[in-house]
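*Asks:* structure for the following, please:
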Amino acid sequence: MRVVLFTGKGGVGKTTLAAATAARLAASGRSALVVSTDPAHSLGDALDVDLGSEPVRIEDGLHAAHIDARALLEGAWGDLQDHLRTMLAGAGVDELVADELTVLPGVEDLLALAEVQRLADSGDYDVLVVDCGPTAETLRLLTLPEALSGYLERLFPAHRRAVRGLVANLAGARGDGNGWERTVEALGELAERLAGLRALLADRSRTSIRLVLTPERVVAAETRRTLTALALHELRVDALVANRIMPAPPPSLRGPAARWLRERHQEQSAVLDELSGLGAGIPVSAVRYTAAEPTGVASLREIASSLYGDDDPLPPPAENERPLLELRRTAGQGVSKDTEFELVVALPGSEDAPLDLARVGDELAIGLGLTRRVIVLPSVLRRCEAVNAQLEGSGSDAHLTVTFRPDPGTWMT
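*Replies:* Residues are numbered from 1 along each chain as shown. Just a heads-up that it's a prediction; the model follows:
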């Protein structure tokens, strides 16, 4: 199954375009399910139907649903939360404090994403289209699996070995071995779930992310930052969708209204030109501004025709794309001391963003503007020192290059 995620600044029309894409896919003979993870839930309004948490059939091949993260919170998270309370209480943590500690920030986002994965793995549909929340919420949603995996590894390193040994010792002292064992199993299942979510999001052959914007400079600036942030987390965007494009008035039209239309069209065209320069390799599609608000399947298919024309909404991924994070040897061979490595991170649109780097043990923390990612270094780089780092290139070719050379104290000889 293919998964397509739509996000963008609030109010740019991402819900409409997500629904329109699903309607177009259904009309082409594919079975499509469109779901909303946006807490505002306007997907039903766009389709002009009432939606709940269970998928409903809109017409042949087209289904829709709202993902209710609060309902999932009461169910799936409850068991693990009970296990964590047991573990904290067994370690002597006060019951009231234990309750507070088991309220994991972002757990609703995590459960919503897990439900997306469940639907994607169900095999009931050919395509899953996801109407995500605004960009800030979506960034948190998409980067949460990797962040939580890192937290789990710090709390419970070498999960199924070290923790089981620790649990056995504690359980022997307190006589509650079964409860501790269940807790460890629940944490192991959570770690596996997080890894599966991360794999789904990073699989470019299966998952597409599309950024929706209106051609305004403020919105385009946020889109550029979002594109950079997603690339930092190795999440690839396959399309930028510019919505509500004003037509150019005919030359014969005169008066204040014509002058306003020309100025608006020229401003939008300038923004689109900048975006096209940013996203070499990332197509920029334009959707005309409609006089009436598009609601209902028929109107949505008209919008889809403006967006896709005769093209397939789900083209195959481009072949031989450069990876978003790449390790390469630039000097030396084998274990020679003149070895040099470069860690290259693609960061399109980042050339003006403030950069912050920190090496913390076996990890490299990269801060770019308001976005931060902690990268676990490959084993070979753990025995090296970072000797240089710089942002290079511009537009879609902007990238961070970090140079590593052997640490004399730990390098292989």
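
*Asks:* element containing the residue most central in space within the chain, please.
*Replies:* Nearest residue to the geometric centre of the chain (CA atoms, centre = their mean): Leu142, 3.2 Å. Taking DSSP states H and E as the criterion, Leu142 maps to helix 135-155.

*Asks:* just the CA trace of that helix, in CSV.
*Replies:* Extracted in CSV, the C-alpha atoms of helix 135-155 (Å, rounded to 0.1, in the frame of the first residue of the first chain):
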residue,chain,number,x,y,z
THR,A,135,3.3,22.0,9.7
ALA,A,136,4.5,22.4,13.3
GLU,A,137,2.2,19.7,14.6
THR,A,138,3.1,17.4,11.7
LEU,A,139,6.8,17.9,12.3
ARG,A,140,6.3,16.7,15.8
LEU,A,141,4.2,13.8,14.7
LEU,A,142,6.7,12.6,12.0
THR,A,143,9.8,13.0,14.2
LEU,A,144,8.3,11.5,17.3
PRO,A,145,9.1,7.8,16.6
GLU,A,146,12.8,8.5,16.3
ALA,A,147,12.9,10.8,19.3
LEU,A,148,11.1,8.4,21.6
SER,A,149,13.3,5.5,20.4
GLY,A,150,16.3,7.6,21.5
TYR,A,151,14.7,8.2,24.9
LEU,A,152,13.9,4.5,25.3
GLU,A,153,17.5,3.6,24.5
ARG,A,154,18.8,6.0,27.0
LEU,A,155,16.5,4.8,29.7
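
*Asks:* how far is whichever strand or helix holds Leu261 from where the chain is centred?
*Replies:* Using DSSP H and E, Leu261 falls within helix 256-278. Computed by CA atoms, centre = their mean, to the nearest Å, the separation of helix 256-278 from the middle of its chain amounts to 30 Å.

*Asks:* any buried residues in that helix, and which?
*Replies:* Under the neighbour-count criterion of 16 or more other CB atoms under 10 Å, helix 256-278 has Leu261, Arg264, His265, Gln268, Val271, Leu272, Glu274, Leu275, Ser276, Leu278 buried. C-betas here are computed from N, CA, C, even on glycine.

*Asks:* surely the third one touches Leu253?
*Replies:* No - because the distance of 11.7 Å does not satisfy CB atoms under 8 Å, His265 is recorded as not touching Leu253.

*Asks:* and the closest residue to Ile303 other than its chain neighbours, how close does it get to Ala220?
*Replies:* Spatial nearest neighbour of Ile303, excluding adjacent residues (CB to CB, 6 or more residues apart in numbering): Ala20 at 4.3 Å. Separation of Ala20 from Ala220 (CB to CB, to the nearest Å) stands at 22 Å.

*Asks:* kindly report the same for Asn243.
*Replies:* 12 Å.

*Asks:* shared neighbours of these two, anything?
*Replies:* Leu213 (CB atoms under 8 Å, 6 or more residues apart in numbering).

*Asks:* remind me which residues of the stretch 301-413 of the chain are low pLDDT?
*Replies:* Applying pLDDT under 70 to the stretch 301-413 of the chain flags residues 413.

*Asks:* can you give me the helices in it?
*Replies:* 379-382 (DSSP state H, counting those that start in this stretch).

*Asks:* which stretches of it form strands?
*Replies:* Using DSSP state E, counting those that start in this stretch, the strands of the stretch 301-413 of the chain run over 325-331, 340-346, 355-360, 363-368, 371-376, 384-392, 399-406.

*Asks:* hmm, back to that, and the helix holding Leu142 with strand 371-376, angle?
*Replies:* 30 degrees (axes from the mean of the first three to the mean of the last three CA atoms, to 10 degrees).

*Asks:* what about Asp131, distance to Leu381?
*Replies:* Separation of Asp131 from Leu381 (CB to CB): 39 Å.

*Asks:* of these two, who's got more company?
*Replies:* Of the pair Asp131 and Leu381, Asp131 is the one with more neighbours under other CB atoms under 10 Å, namely 28 against 20.

*Asks:* that one is in contact with Gly8, isn't it?
*Replies:* No - here Asp131 does not reach Gly8: they are 10.3 Å apart, not a contact under CB under 8 Å.

*Asks:* now do the shared contacts for the two.
*Replies:* The contact sets of Asp131 and Gly8 overlap at Lys14 (CB under 8 Å, 6+ apart).

*Asks:* got the contact list for the helix holding Leu142?
*Replies:* The contact list for helix 135-155 (CB under 8 Å, 6+ apart) reads 5, 7-9, 37-38, 104, 106, 109-110, 112-113, 132-133, 159, 187, 190-191, 194-195, 197-198, 201, 209, 211, 222-223, 226, 229-230, 233, 235, 371, 373-374, 376.

*Asks:* when you filter these down to buried only, what's left?
*Replies:* Among the contacts of helix 135-155, those classed as buried by neighbour count (16+ other CB under 10 Å) are 5, 7-9, 37-38, 109-110, 112-113, 132-133, 159, 187, 190-191, 194, 197-198, 201, 209, 211, 222-223, 226, 229-230, 233, 235, 371, 373.

*Asks:* mind checking which of those residues land in helices?
*Replies:* 109-110, 112-113, 187, 190-191, 194, 197-198, 201, 222-223, 226, 229-230 (DSSP state H).

*Asks:* which of those sits closest to Leu51?
*Replies:* Leu51 has its nearest neighbour among those in Ala112, at 14.9 Å by CB to CB.

*Asks:* end to end on stretch 315-325, go ahead and measure it.
*Replies:* One end of stretch 315-325 to the other measures 23 Å (CA to CA, to the nearest Å).

*Asks:* can you give me the buried ones in that stretch?
*Replies:* Leu324, Leu325.

*Asks:* what's the answer for stretch 117-125, then?
*Replies:* For stretch 117-125, by 16+ other CB under 10 Å, it's Gln117, Leu119, Ala120, Tyr125.

*Asks:* tell me how far the last one lies from Leu113.
*Replies:* When distance is defined by CB to CB, Tyr125 is 17 Å away from Leu113.
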